[in-house]
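A.B. asks: sequence first, then the predicted structure:
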Amino acid sequence: MSAPGIVAEQNPPKAWIEAIVRRLRNYNTAATGIVEFYPVVFLVKDTSNSVSGGLIGNIVGGWLHIRSLWVDKMWRGRGYATQLMAAAERYAIAKGCVASFLQTASYESRPLYEKLGYRVFAELGDHPSKGHNRYFPAKQTLSGIDDGGARRDRANIVMQPYASGDVMETVSRGIQTHASAAIGLPEQMWFAANFFLRDEDGEILGGALGNTWGLWLYVSDVWVDPALRGKGYATKLMTAIEQMAIQRGCLNSYLDTFSFQARPLYEKLGYKVFGTLENHPKGHSHYFLKKTL
């Protein structure tokens, strides 16, 4: 059997992505013994039942991770972002969560999060482009949020943990539109960056998934089949995705990893820790690393 090859796919089949994400999650579960995973989706729905905002995240290992928060422009300034955060925090506390973290940008909602008890533990300068910054706030003790009361005459906050792809896309598109308007440069667009380790039979045996945005590469997932570990394939995947990022004009790269994952590999490749969350998940540490390409 010939050695597997590395292939780039801008729009890979869904099954390829699932192969990487599912197997990486299985590895994490085996390493930590944490099997509970809860999707967190709360939506703002107006009187016509249209989605006018939403919060998307998940709960793992005693932590709430807020991945996306967006409210349509016409509904901003009315407290809906706070209500979404309050609803997510109430749900997280009920599931036994002790802390929460998220990401935000200098043109987004850092003041809101700080008002709600979040504190920045790490940041990236000039992300995604010069003049902007990315912040990583965390709230180490969840205590509930005063949301100011429901506003049922205008729109409702509803929980929809198994939201459709269209609903998720509405929230994601809203965030991307806001970011594009803030950055103002077409060349700073977001693009997928995916590389896969595939054998001659078409089986996916590894991969590095991520995206390029402005001056930065973000590597979200790296996984190699156990039978192929120790043979340099992770390094080859990282080299391939970094080379693509350089070709797209990226100057920097960042990623995150856990104490039971591959921090030594990334440091060998030139990455340095710029932020740490202790006891995330419980009994482990979560590291954020960056590199100049």
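C.D. replies: Now that the structure is in, tell me what you want to look at.
A.B. asks: OK, contacts around the closest residue to residue 129 other than its chain neighbours?
C.D. replies: Excluding the flanking residues, the one nearest residue 129 by C-beta to C-beta, 6 or more residues apart in numbering is residue 214, at 4.0 Å. For the C-beta atoms, the positions are set from N, CA and C on the backbone; glycine is no exception. With C-beta atoms under 8 Å, 6 or more residues apart in numbering as the criterion, the residues that contact residue 214 are 127, 128, 129, 183, 188, 250.
A.B. asks: any regions of the stretch 151-293 of the chain where pLDDT drops low?
C.D. replies: Residue ranges of the stretch 151-293 of the chain with pLDDT under 70: 151-153, 185-188.
A.B. asks: quick one, strands of it?
C.D. replies: 155-159, 190-198, 204-213, 216-224, 252-258, 272-278, 285-292 (DSSP state E, counting those that start in this stretch).
A.B. asks: okay but residue 189 is in contact with residue 179, surely?
C.D. replies: No. Using C-beta atoms under 8 Å as the test, residue 189 is too far from residue 179 to be in contact (9.9 Å).
A.B. asks: more neighbours: the two, which one.
C.D. replies: Ranked by neighbour count (other C-beta atoms under 10 Å), residue 189 and residue 179 place residue 179 first, with 19 against 15.
A.B. asks: quick one: that one from residue 214, how far?
C.D. replies: According to C-beta to C-beta, to the nearest Å, residue 179 and residue 214 sit 10 Å apart.
A.B. asks: which residues do these two both contact?
C.D. replies: Both residue 179 and residue 214 are contacted by residue 128, under the criterion C-beta under 8 Å, 6+ apart.
A.B. asks: from what I can see residue 141 touches residue 98, true?
C.D. replies: Yes. Between residue 141 and residue 98 there is a contact under C-beta under 8 Å: 7.0 Å.
A.B. asks: quick one: which of the strands of the stretch 151-293 of the chain is nearest residue 236?
C.D. replies: For those, the distance to residue 236 is smallest for strand 190-198, at 8.1 Å, taking C-beta to C-beta.
A.B. asks: would residue 70 count as being in a helix?
C.D. replies: No. Using DSSP: H, G, I helix; E, B strand; the rest coil, the assignment for residue 70 is strand, not a helix.
A.B. asks: how close does it get to residue 234?
C.D. replies: Using C-beta to C-beta, residue 70 is found at 34 Å from residue 234.
A.B. asks: who has more neighbours, those two?
C.D. replies: The residue with more neighbours, out of residue 70 and residue 234, is residue 70; 26 against 21, by other C-beta under 10 Å.
A.B. asks: quick check: bridge partners of the more buried one?
C.D. replies: Counting by DSSP bridges, residue 70 is bridged to residue 54.
A.B. asks: could I get the strands of the stretch 151-293 of the chain as CSV with distance to residue 264 and mean neighbour count?
C.D. replies: As requested, the strands of the stretch 151-293 of the chain are exported to CSV (distance: least, C-beta to C-beta, whole Å; neighbours: other C-beta atoms under 10 Å):
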stretch, distance to residue 264, mean neighbour count
strand 155-159, 40, 17
strand 190-198, 20, 19
strand 204-213, 17, 23
strand 216-224, 13, 22
strand 252-258, 10, 21
strand 272-278, 12, 15
strand 285-292, 11, 18
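A.B. asks: among these, which is nearest residue 121?
C.D. replies: The closest of the strands of the stretch 151-293 of the chain to residue 121 is strand 272-278. By C-beta to C-beta, the value is 5.4 Å.
A.B. asks: who touches that closest one?
C.D. replies: The contact list for strand 272-278, computed with C-beta under 8 Å, 6+ apart, reads 101, 121-124, 136, 138, 254, 263, 267, 285-291.
A.B. asks: this completes my enquiry, with thanks.
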